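*Asks:* structure for the following, please:
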Amino acid sequence: MLNRLKNLLNKNKNPLDMPLDKLKESKIMLDIQIRKLEDEISNIDSQITALFEKAKKAKSKSEELTIATKIKTLSQRKKQLQNSHALLNKQVRFVDNLIVIKENEAVLKSTPLWNVLNKMSPEELERELINLRLDSENVINTLNTALGITDDALSMTSEEYDEDIEDILKTIHAVKEGELDVEDAKEIVSEDKKDKDKLLFE
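*Replies:* Next comes the predicted model:
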């Protein structure tokens, strides 16, 4: 299952190109694998407990040694499973965050954030996202902070920057400067492009 997941995640060079339904499928696969690991760890814990109970009744050093060896083997296996569990949990965070990004793709594409994310290698993107906990309410602020994107960078215009967002920002600045009141601003953002320019700059 882990190989299937790896192939699924690596199918596209850029994880951001991966369809949302495939990401959700990956999340389900990860959750299943994590539950299996947790069940196996729990089973090992039960076996170790039973061995210690058995050791209480051991009648010879040889029997104690045999039990101790079994406990050591089980403990080593448990550590391996716990390491795998930790790695899978990191992968879950990565996929969870990708899902949030894809669900908010339209909003993110109206900011410089999308270009920054798109220019990252898959390894860089995973490294950045693996330690974050994004949700739809904090996705932009959290990514800005994590990636070190400043307000100045966000206000920079580019050919790919959403023109409607630029116009709304101009309107906001006009309101803040006292050049427009809120009612006029509401009308401006509802107008067609030509009418907006006329109202803003007349």
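
*Asks:* which residues does residue 67 contact?
*Replies:* Counting by CB atoms under 8 Å, 6 or more residues apart in numbering, residue 67 makes contact with 51, 54-55, 58. (Glycine included, C-beta is placed from N, CA and C.)

*Asks:* now the host helix or strand of it, how far from the centre of its chain.
*Replies:* Using DSSP states H and E, residue 67 maps to helix 61-103. Distance of helix 61-103 from the chain centroid (CA atoms, centre = their mean, to the nearest Å) equals 22 Å.

*Asks:* now it: mean pLDDT?
*Replies:* Computed over helix 61-103, the mean pLDDT rounds to 93.

*Asks:* related to what we said a few turns ago, can you list the contacts of residue 67 in CSV and add pLDDT and secondary structure?
*Replies:* Shown next, in CSV, are these (pLDDT from 0 to 100; DSSP: H, G, I helix; E, B strand; the rest coil):
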residue, pLDDT, secondary structure
51, 93, helix
54, 89, helix
55, 90, helix
58, 87, coil
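
*Asks:* write a PyMOL command that selects only the buried members of these.
*Replies:* Per 16 or more other CB atoms under 10 Å, the buried members of the contacts of residue 67 correspond to this PyMOL selection:
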select buried, resi 51
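
*Asks:* ok, the contacts of residue 67 vs residue 99, which is closest?
*Replies:* Ranked by distance to residue 99 (CB to CB), the contacts of residue 67 are led by residue 51 at 42.0 Å.

*Asks:* report the separation between the spatially most central residue of the chain and residue 139.
*Replies:* When CA atoms, centre = their mean is applied to the chain, the residue found nearest the centroid is residue 97 (1.8 Å). Residue 97 is 9 Å from residue 139, where distance means CB to CB, to the nearest Å.

*Asks:* same question, residue 41
*Replies:* Taken as CB to CB, the span from residue 41 to residue 139 is 33 Å.

*Asks:* now swap in residue 36 and tell me
*Replies:* For residue 36 relative to residue 139 (CB to CB), the value is 31 Å.
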